[in-house]
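Asks: Attaching a predicted model along with its sequence, questions to come.
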Amino acid sequence: MSEVIVVTGASAGLGRAIVERFARDGSSIALIARGVERLESAKRSVESLGGRALVLPLDVADADAMEQAAETVERELGPIDVWINNAMVSVYSPIKEMPAAEFRRVTEVTYLGYVHGTLAALKRMLPRDRGIIIQVGSALAHRSIPLQSAYCASKHAIMGFHESLLSELIHDGSHVRTTMVQMPAMNTPQFYWAKSRLPYRTHPVPPIFQPEIGAEAVHHCVRVNEGREFLVAWSTVKAVEGEKVVPAYIDRFLGRNYTAEETTILADPDSPDNLWEPAPGAYGAHGPFDDRARTFSTELWLSKHRPWLAVASAMLVGAAFGVRARKDHGDGR
C-alpha cells in the first residue's frame, strides 16, 4: 500500500504544489481545504499524476472537523504516515486599522489550524510510534514585517509550539518526528485573494520562488530527516540569521521601507478575499508573478546532494594527500 499523506490548504498555492509532488510518488493523499471546486480540481491533478486522492472540505479552525477528517482518512486510505500543516490566511493592514475579529480569525486558521492538525496526527502516530509531521513555516516565523502582523504572529506561534513538541517527543523517546520548513517569498494565489486595506495591490518581497521549490523542500524533509528546522532559500537564511545579529537595524530598515509589499497598481476595494469564506476562482499552484519567480534554490540543491558532495569532498581530500605523499616520496622525505 502507498504511503498516506494529509495536506491542509491543499486546493491551491503551495499546498497544491505539495500534493502534486507527492502524487508523482503514487501516494494516497487526503486533501483538506474549504473550497470544494478547487479541491476537486486538485483531486483530478493528483490522479492524473499517479496518486490517489480523498477530498475533505473543511475549515482547519474547526478542531472537531479536523479530528473527524483524520478518522475518515484512516478508514478510507489507511494509517496516516505524514501530516503536512500548510493552511493559512492573512490580512494586509496597519495594526491600528485592524479589528480584533480579524486577528482572531487569522490566528484560528494560521496557528490553531496547525495545532488541530498536529493533535489529530499525534493521536494516531504516537501509539504506532512512527509518523512525520511537517509544519510549513516562513522566514516570518523568525522576523516579522509590517502590515502582516497577524500572519507573522501566527508563524511565530507555530515555531513556539513546534519547539515544545520537539522537546516532548525527545522526552518520550518517540520515533514520531517533526520538522518546520521555513519558506521564502512564494508566487502563490495569496496575492489574488488575501484581505487587504492597502491602497495598492500586494506582492511578495523579492526574491520570489515558484511554489514547486517549496513543495520539493517539503518532499525532501519527509524523505530525509533534516532535524528541527529547514531553511529553504538564502533569503530565508538571511532573515533568520539577521534577526539574531541585528534586529534593531532590521526594525529601522523595515520602518523606512514600509511599502515594500505593495506594487504600483491600485487595488480594487471590491475584490473578494478568503478570510472568512473561500474566494471564488479556479486557482492552481501559481500566483501572478511567474515572470519574476525563481525555479531554483541553491540551499535546497545543496541539501539534497549533501551525501554526494561529502563523497566528492572526501575523494578530493584523498587525492590531495596522495599527490602530496608522492611528492614527498620523490623528494626523499
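Replies: Good, I have the coordinates. Numbers count the residues shown, from 1 in each chain.

Asks: residues in contact with the residue nearest to A141 when sequence neighbours are not counted?
Replies: Nearest residue to A141 in three dimensions, chain neighbours excluded: K155, at 3.9 Å (Cβ to Cβ, 6 or more residues apart in numbering). (Each C-beta comes from the backbone N, C-alpha and C, glycine too.) Counting by Cβ atoms under 8 Å, 6 or more residues apart in numbering, K155 touches 110-111, 137-138, 140-141.

Asks: One more: D273?
Replies: D273 touches 193-196, 279, counting by Cβ under 8 Å, 6+ apart.

Asks: One more pass at 10 Å, please.
Replies: Listed by Cβ atoms under 10 Å, 6 or more residues apart in numbering, the contact set of D273 reads 89-92, 192-196, 279.

Asks: and what of A267?
Replies: 92, 196-202.

Asks: Repeat that for S144.
Replies: Taking Cβ under 10 Å, 6+ apart as the criterion, S144 is in contact with 151-153, 155-156, 243, 250-251, 254.

Asks: if we can go back for a sec, just the closest of the contacts of D273 to W234, please.
Replies: Ranking these by separation from W234, with Cβ to Cβ as the measure, puts S90 on top at 23.4 Å.

Asks: what about the closest residue to that closest one other than its chain neighbours, is that helix, strand or coil?
Replies: Spatially, and ignoring its direct neighbours in sequence, S90 is nearest to Y151 (3.9 Å; Cβ to Cβ, 6+ apart). State at Y151, reduced to three classes by DSSP: H, G, I helix; E, B strand; the rest coil: helix.

Asks: I158 versus Y151, what's the distance?
Replies: Look at Y151 and I158: by Cβ to Cβ, to the nearest Å, they are 11 Å apart.

Asks: So what does the closest residue to S149 other than its chain neighbours have for phi and psi?
Replies: Leaving aside its sequence neighbours, S149 sits nearest to I95 (Cβ to Cβ, 6+ apart; 5.1 Å). Backbone torsions of I95, given as degrees, to the nearest 10, read phi -60, psi -40.

Asks: Buried ones only from the contacts of A267, please, as a PyMOL command.
Replies: To isolate the buried ones among these in PyMOL, judged by 16 or more other Cβ atoms under 10 Å, type:
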select buried, resi 92+196+201+202
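
Asks: Among the contacts of A267, which ones are in strands?
Replies: Among those, the ones falling in strands (DSSP state E) are 92, 196, 200-202.

Asks: just for the stretch 201-333 of the chain, where's the confidence low?
Replies: 306-333 (pLDDT under 70).

Asks: Run through the helices of it in chain order.
Replies: Residue ranges of the helices in the stretch 201-333 of the chain, as given by DSSP state H, counting those that start in this stretch, are 211-223, 234-245, 247-256, 298-304, 306-330.

Asks: for the spatially most central residue of the chain, helix, strand, or coil?
Replies: Residue closest to the average C-alpha location in the chain (Cα atoms, centre = their mean): V136, at 2.9 Å. Following three-state DSSP, the label given to V136 is strand.

Asks: residues contacting it?
Replies: Contacts were defined as Cβ under 10 Å, 6+ apart; by that measure V136 touches 7-9, 14-15, 18, 84-88, 114, 155, 158, 180-183, 214-215, 217-218, 221.

Asks: Filter these down to the ones in helices?
Replies: The helices, defined by DSSP state H, take in 14-15, 18, 114, 155, 158, 214-215, 217-218, 221 from the contacts of V136.

Asks: Kindly give a single ChimeraX line that selects the buried subset of the residues you listed.
Replies: In ChimeraX, a selection of the buried entries from the ones in helices among the contacts of V136 looks like this (16+ other Cβ under 10 Å):
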select :14,15,18,114,155,158,214,215,217,218,221
